[in-house]
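1. Have a look; sequence and predicted model below, questions after that.
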Amino acid sequence: MTGNLDLLTATLAKTRAEGRAALIGGLPAGFPTVDGGVTALRAILDSGADIIEVGLPHSDPILDGPVIQTAVDQALRDGTRIADVLHTVRETHAATGKPVLVMSYWNPIDRYGVARFCAELAEAGGAGCILPDLPVQESAHWREHATAHHLATVFVVAPSNTDARLREVTAATTGFVYASALMGVTGARPTLSTSAATLVERLRRGTDLPICVGIGISTPAQAAQAATFADGVIVASALVQTLLDTPTDPTAPRRLTTALATALHQT
């Protein structure tokens, strides 16, 4: 069974051909419940998101701010496991036909088994994995299995990275490059950091891969601003917040997603 890297690539090519940035939404699996999470992810995709990332809950989410930490803690307390993450990927992709990525820290995948995880993610219809804390120089084993199963390997780069480091990371990346808009953890910010545009400009000097910007983007206005220089805009914390505010309604992210998608289509 092969993964959906080609679907991810085609989706980003399509949005570029349409003259707009792709909207990438994200939620952790198992939140507010496993089934509720699937409903929420489907609502996001049905409301205008082009791609979705499913977070694999981890007890030490070093890149995530308090909003996602709260959701992840609830998912873990409710017993969410990797099997539930893969179930979420399978059900979300089957219902929407859109690319579904897993966002995961390295430790859970390493303990589960790289070969096993890649095989099962591909079988579930996954498009690949975003790996925020896996060093590129230690990623050969992962990339070997991801390539064999036709899964994207998406690394995260930061404004502090040197140009040499950016070239090293992008050379090992497939699918798209995840550019962090700022130095810090996930979560809403009052304005979009000016470092985001500069980072994207630096990246474009060394790669032809699509560049998607995330971390700190929460409003339609910020998404529209990021879309003027990025190929994709990633929003997660703000969508999680809608579920924290309305925990009994798993379709709560629909309204924000519609507003974000509208802003990107008008950019």
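-> Yes, it's here.
2. And the pLDDT at the residue most central in space within the chain?
-> Central residue of the chain (Cα atoms, centre = their mean): E53, 3.8 Å from the mean position. On the pLDDT scale, E53 is placed at 97.
3. Number of residues surrounding C118?
-> Using other Cβ atoms under 10 Å, C118 has 25 other residues around it. From N, CA and C alone the C-beta is placed, and that goes for glycine too.
4. now do A172
-> Burial of A172 is recorded as 14 neighbouring residues (other Cβ under 10 Å).
5. Return the residues in contact with it.
-> Residues near A172 by Cβ atoms under 8 Å, 6 or more residues apart in numbering: 136, 139, 143, 153, 155.
6. Then E138?
-> No contacts exist for E138 under Cβ under 8 Å, 6+ apart.
7. Spell out which helix or strand contains T88, please.
-> Here T88, judged by DSSP states H and E, is contained in helix 82-96.
8. any idea of the mean pLDDT in whatever helix or strand comes next after that helix?
-> Counting by DSSP H and E, the next helix or strand C-terminal to helix 82-96 is strand 100-103. Mean pLDDT, strand 100-103: 98.
9. likewise stretch 217-230?
-> The average pLDDT within stretch 217-230 is 93.
10. low pLDDT regions in this structure?
-> By pLDDT under 70, the low-scoring segments of the chain are 61-63, 182-193, 267.
11. so where do the helices sit in it?
-> 5-17, 34-46, 66-77, 82-96, 106-112, 114-123, 140-148, 163-171, 195-204, 220-227, 237-245, 254-266 (DSSP state H).
12. now for those helices, which one comes closest to P28?
-> P28 lies closest, by Cβ to Cβ, to one member of the helices of the chain: helix 66-77, at 5.1 Å.
13. Now do the end-to-end distance for stretch 129-143.
-> From its first residue to its last, stretch 129-143 covers 10 Å (Cα to Cα, to the nearest Å).
14. Format the contacts of A172 as JSON lines; extra columns: distance to G25.
-> Listed next are those as JSON lines, based on distance: Cβ to Cβ, whole Å:
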{"residue": "V136", "distance to G25": "26"}
{"residue": "S139", "distance to G25": "26"}
{"residue": "R143", "distance to G25": "26"}
{"residue": "T153", "distance to G25": "20"}
{"residue": "F155", "distance to G25": "20"}
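15. quick one, what contacts V156?
-> Going by Cβ under 8 Å, 6+ apart, V156 touches 63, 130-132, 178-180.
16. Closest one to R202 out of the residues you listed, please.
-> Distances from R202 to the contacts of V156, taken as Cβ to Cβ, are shortest for A179 (9.3 Å).
17. Quick check, that closest one in contact with E201.
-> No - using Cβ atoms under 8 Å, A179 is not in contact with E201, being 10.4 Å away.
18. Just want to know which of the two has more residues nearby.
-> Taking neighbours as other Cβ under 10 Å, A179 and E201 compare with A179 leading, 29 against 11.
19. If the more buried one is in a bridge, with which residues?
-> V157, V213 (DSSP bridges).
20. what residues are up against it?
-> Contacts of A179 (Cβ under 8 Å, 6+ apart): 156-157, 196, 199-200, 203, 211-214, 230.
21. Looking at those residues, which one is closest to G25?
-> So of the contacts of A179, ranked by how close each gets to G25 (Cβ to Cβ), first place is G214, at 10.4 Å.
22. separation between the closest one and H149?
-> Distance, G214 to H149, using Cβ to Cβ, to the nearest Å: 24 Å.
23. Show me which of these two is the more surrounded one.
-> Applying other Cβ under 10 Å to G214 and H149 shows that G214 carries more neighbours, namely 25 against 20.
24. So that one sits against A181, correct?
-> Yes - with contact defined as Cβ under 8 Å, G214 counts as touching A181 (6.7 Å).
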